[in-house]
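J.: build me a structure from this.
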Amino acid sequence: MKRVFITGGTGFIGKHLVDALLAHGATCVCLVRASSRRSHLERPGVDLVVGSIDTPQSYASALSGCDTAIHLAGLTQALTVAEFERVNGLACGFLADACIAAGVARVVYISSLAAAGPPPDDQRMRVETDPELPVSDYGRSKLMGEQEFAKRADRLAVTILRPGVVYGPDDHKFGQLVQAIARWRIHFVIGRNDPKLSLIHVDDLAALILLAALKGETLTPPSTITRAGEVHPGTGSVGAERESGASQSSVSATGIYFACDDREFISYGDLGRRVAAALAAPAFVWRVRRPVGFAIGWTAETFQRLWGRASFLNVDKVREATAPSWTCSSEKARRQLGFEPAATLDGHLPRTVATYVGRDPAKS
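T.: Alright, predicted model coming up:
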């Protein structure tokens, strides 16, 4: 990688990815919105392009000379499903077409575990060959983005990463969790069922993105099934899924990797307890009943529509928070790419938590 086009460089993951790419010796071409805060990108080795991911004419010329594109930009909350689909779904097709026209050799798309959904069997980890069963509008829009890339897999080399919950410094949402525990000693959990989560530190994810860009396998074109059980060559296990009655996977598992530290899965409640331990402070885990959680989400969403501004608290996120499980396996990334997290959750948390409460990370 010499010259890399990046969307979402001003975001939480993007900031860490740019650091990793610069350390790798690459030049970064970052697509930024006119309103974005981008002072951290104004440095040697970074070229800025003002535009929008759903307006390809604003960035198409900037792809010239780039050998790799990494697509991070997207919406985690939206006022309408159509907005999710436009930005998280259709815009992936716009980017793919622009990359093909510019001769970009490789694309890495950072999707989400939400695109796959919870494991079909909550007694085991989800793996890449499981059929996708997203439970939220957000997850369905991210899956739509994957499908847009898959449609062009015969003309463009694309690798998809599906991270679980990403945590680390510079994340507003994780910062709210830490500060609520630090200030009020309270950690809110929705529902009695507190699903196990797949977690990954942002620096570990950035390292995995580089591995995927350098040597990850790429998507195959979507399967074409002419009749039950008959699959065109190169379609993996779709025929077996059809025969077993499972939902058909929308894209082949080839070229897709889950991203997490699968040595340990903890619930959201336990995550709050671990953060409290890193703060050396007690925390009360306050469980909100599932119907109450949906009522709160619906009320918040209603006010958001009135104000014309989306926020993270909504019915869609309550659906995800009350799913049976969010465990997935990173064995494929470990085996094929040599991915290994730099530290465990407890190893990462002290320094991460320190950045949100004004402590010196070097002393944590």
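J.: quick check: the closest residue in space to residue 171 that isn't next to it in sequence vs residue 31, distance?
T.: Excluding its sequence neighbours, the residue lying closest to residue 171 (C-beta to C-beta, 6 or more residues apart in numbering) is residue 12, at 4.5 Å. No exception for glycine: its C-beta is placed from N, CA and C like everyone else's. Distance, residue 12 to residue 31, by C-beta to C-beta, to the nearest Å: 16 Å.
J.: who's more crowded, these two?
T.: Neighbour count, other C-beta atoms under 10 Å: between residue 12 and residue 31, residue 31 has more, with 27 against 20.
J.: listing partners with orientation, what would you give for the host helix or strand of the more buried one?
T.: Secondary-structure element containing residue 31, defined by DSSP states H and E: strand 27-32. Here strand 27-32 is paired, per DSSP bridges, with strand 3-7 (parallel), strand 46-50 (parallel).
J.: what does it contact?
T.: For strand 27-32, contacts defined as C-beta atoms under 8 Å, 6 or more residues apart in numbering pick out 2-10, 14, 18, 21-22, 38, 41, 45-53, 59, 62-63, 66, 73.
J.: quick check: mean pLDDT of that strand?
T.: With pLDDT averaged residue by residue, strand 27-32 scores 98.
J.: for it, what is the distance to the chain centroid?
T.: Its chain's C-alpha centre and that of strand 27-32 lie 19 Å apart, by C-alpha atoms, centre = their mean, to the nearest Å.
J.: longest helix in the chain, by residue count?
T.: Longest helix in the chain, counting residues (DSSP state H): helix 290-307.
J.: picking that back up, give me whichever of the strands paired with strand 27-32 is most buried.
T.: Mean neighbour count, computed with mean count of other C-beta atoms under 10 Å, is highest for strand 3-7 among the strands paired with strand 27-32, reaching a mean of 25.
J.: circling back: so which of the strands paired with strand 27-32 is nearest residue 287?
T.: Closest approach to residue 287 among the strands paired with strand 27-32 (C-beta to C-beta): strand 3-7, 37.7 Å.
J.: got the buried residues for stretch 63-78?
T.: Using 16 or more other C-beta atoms under 10 Å as the test for burial, stretch 63-78 gives 63, 66, 68-78.
J.: could I get those residues as JSON lines with pLDDT?
T.: Converted to JSON lines, the buried residues of stretch 63-78 look like this (pLDDT from 0 to 100):
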{"residue": "63", "pLDDT": "98"}
{"residue": "66", "pLDDT": "98"}
{"residue": "68", "pLDDT": "98"}
{"residue": "69", "pLDDT": "98"}
{"residue": "70", "pLDDT": "98"}
{"residue": "71", "pLDDT": "98"}
{"residue": "72", "pLDDT": "98"}
{"residue": "73", "pLDDT": "97"}
{"residue": "74", "pLDDT": "96"}
{"residue": "75", "pLDDT": "95"}
{"residue": "76", "pLDDT": "93"}
{"residue": "77", "pLDDT": "91"}
{"residue": "78", "pLDDT": "93"}
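J.: looking at those, which are in strands?
T.: Among these, the ones falling in strands (DSSP state E) are 68, 69, 70, 71.
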